[in-house]
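> My questions are about this predicted structure, shown below with the sequence.
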Amino acid sequence: MTSAFKTLFTDLINHNGDSSKVSHSKQMLKVFVKETSPYFLISDSFFYVPAYFTQAALDDFEKKFPTTKVSDLLQKVILITNWSLELKKVDSNSVFTSYAGLEVRLVVNGFKPQLGETIHPVRHPSNLYRDDEFKTTIQHFRHRSIQANLEKMPATDVPLFSKGGVDQGVVAGKDDWNFKEGSTKVVTLCGGAKKSVAAASSSAAKVKGGAKRTGKAASKAASAKKASKLTAPSVSSKVAKFTPSKAKAATVPKGKKSVTGAAAKKALPTPLGAKKSAPATNDKMTMQSFKQFIKFQKGKKGTTLGKRSAPKKAAK
């Protein structure tokens, strides 16, 4: 037995995306529903791929099976009666069902459940885009696309790399895919519920981040985020608007300049328990201080500014 998905998808790529040349394109596909949320993944017992539903397919399903929901198909068997394949350019960093920027999409145009049947997979199905042979098929397709683009380029626009003035025959061209993208509109399914109709390019199975926080962890994270938003701006705004009060400003003596530089570092308060150093002072003396100093010296008894008293005569 071989994988039906691998055979069909490889055939489409080898025919450069031409679905009319794909063999067995008219046959029905009986598949096993691996997941319905967050993406509808189906398996052929070997690999799994996402199924992209059209609005008409879902409307027909609801009309014929009104008591069955799409989410009820989990771990069930469905028969895809009408389908098509398309190639799409995607970002493989976010779309896990793709490789090298390419995804083959299985578009479901009609299906019906097989609730009375069960399928026992011969092995645990894996992602088709992680299969080495299928990745090699995509790489060959990309190589063919590059060659086709180079052939279309004018000779004057194709740069040649040379070494020592001798052309090495190596050409540089655009690393682009060369195929016609599909444009079928599909419905995005999330947990089995329908959302608005979107283009196929916007409804790919994308990789999401870690699990959501719930319970106490979520409430703590929310409160911490709220506190960080409120605290930082309020503190910074208070600091920006702060001005010294008049009472504190009055205690500063007139004519005394603020201490800066090394003196300011010495004037900083010492840690608790450490010895306090002498307060830093300003070595510069103003004219008013100098006059007070002269007046103080003149007021001393028995002394004259600038003169020494005569030494006493020694006793005879």
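That came through fine. Residues are numbered from 1 along each chain as shown.
> Counting neighbours, what do you get for Asp11?
For Asp11, the neighbour count with other Cβ atoms under 10 Å is 18. Quick note: C-beta positions are derived from backbone N, CA and C, even for glycine.
> residues touching it, list them.
Each residue near Asp11 by Cβ atoms under 8 Å, 6 or more residues apart in numbering is listed here: Lys21, Val22, Ser23.
> Name the spans of the stretch 51-200 of the chain whose pLDDT lies under the cut-off.
121-122, 155-176, 190-200 (pLDDT under 70).
> Repeat the analysis, applying 50 as the threshold.
Along the stretch 51-200 of the chain, segments meeting pLDDT under 50 span 166-174, 191-192, 196-200.
> Now do the helices in it.
All helices of the stretch 51-200 of the chain, identified by DSSP state H, counting those that start in this stretch, fall at 55-64, 132-152.
> Of these, which is nearest Ser3?
Ser3 lies closest, by Cβ to Cβ, to one member of the helices of the stretch 51-200 of the chain: helix 132-152, at 9.2 Å.
> Among the contacts of Asp11, filter down to the buried ones and hand me the PyMOL syntax, if you would.
In PyMOL syntax, the buried subset of the contacts of Asp11 is picked out as below (16 or more other Cβ atoms under 10 Å):
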select buried, resi 22
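> Looking at the contacts of Asp11, which is nearest Lys69?
Val22 (31.6 Å).
> Relative to Leu189, how far out is Gln288?
Here the criterion is Cβ to Cβ, to the nearest Å. By it, Gln288 lies 88 Å from Leu189.
> Name the residue in these two with the higher neighbour count.
Leu189 (22 against 10).
> isn't that one right next to Tyr39, touching?
Yes - Leu189 lies in contact with Tyr39 (Cβ atoms under 8 Å); the separation is 7.4 Å.
> mind checking which of the helices of the stretch 51-200 of the chain is nearest Glu117?
helix 55-64 (17.0 Å).
> Okay, buried residues for the closest one please.
For helix 55-64, by 16+ other Cβ under 10 Å, it's Ala57, Leu58, Asp60, Phe61.
> for the first one, what are its contacts?
Going back to what we said before, that points to Ala57. Neighbours of Ala57 in contact, by Cβ under 8 Å, 6+ apart: Asn82, Val108, Asn109, Gly110, Phe111.
> go with 7 Å
Neighbour list for Ala57: Val108, Asn109, Gly110, Phe111 [criterion: Cβ atoms under 7 Å, 6 or more residues apart in numbering].
> ditto for the third one
Neighbouring residues of Asp60 by Cβ under 7 Å, 6+ apart: Gly110.
> same deal with the last one?
Contacts here follow Cβ under 7 Å, 6+ apart; on that basis Phe61 touches Phe111.
> so how far is Pro113 from it?
Taken as Cβ to Cβ, the span from Phe61 to Pro113 is 8 Å.
> same check, this time on the second one
Taken as Cβ to Cβ, the spacing of Leu58 relative to Pro113 amounts to 13 Å.
> can you tell me which residues contact His15?
Lys21, Val22.
> Report pLDDT for it.
Here, the pLDDT recorded for His15 equals 92.
> Make JSON lines from the contacts of Asp11 and add pLDDT and distance to Val33 to it.
Listed next are those as JSON lines, based on pLDDT from 0 to 100; distance: Cβ to Cβ, whole Å:
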{"residue": "Lys21", "pLDDT": "89", "distance to Val33": "29"}
{"residue": "Val22", "pLDDT": "89", "distance to Val33": "23"}
{"residue": "Ser23", "pLDDT": "83", "distance to Val33": "25"}
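> Could you turn the buried ones of the contacts of Ala57 into a ChimeraX selection?
What follows is the ChimeraX syntax for the buried subset of the contacts of Ala57, where burial is set by 16+ other Cβ under 10 Å:
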select :108,110,111
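> on that earlier part again, of the helices of the stretch 51-200 of the chain, give the one that comes closest to Phe96.
Using Cβ to Cβ, the nearest of those to Phe96 is helix 132-152, at 13.5 Å.
> so what does the closest one touch, helix or strand wise?
helix 4-14 (3 or more Cβ pairs under 7 Å, 6 or more residues apart in numbering; DSSP states H and E).
> how about the helix it packs on: buried residues?
Those would be Ala4, Phe5, Lys6, Leu8, Phe9, Thr10, Asp11, Leu12, Ile13, for helix 4-14 by 16+ other Cβ under 10 Å.
> Could you report the distance from Glu86 to Asn178?
For Glu86 relative to Asn178 (Cβ to Cβ), the value is 16 Å.
> Looking at the two, which is more packed in?
Taking other Cβ under 10 Å, Glu86 and Asn178 do not tie; Glu86 has more neighbours (21 against 16).
> What's opposite that one in the beta bridge?
Counting by DSSP bridges, Glu86 is bridged to Arg105.
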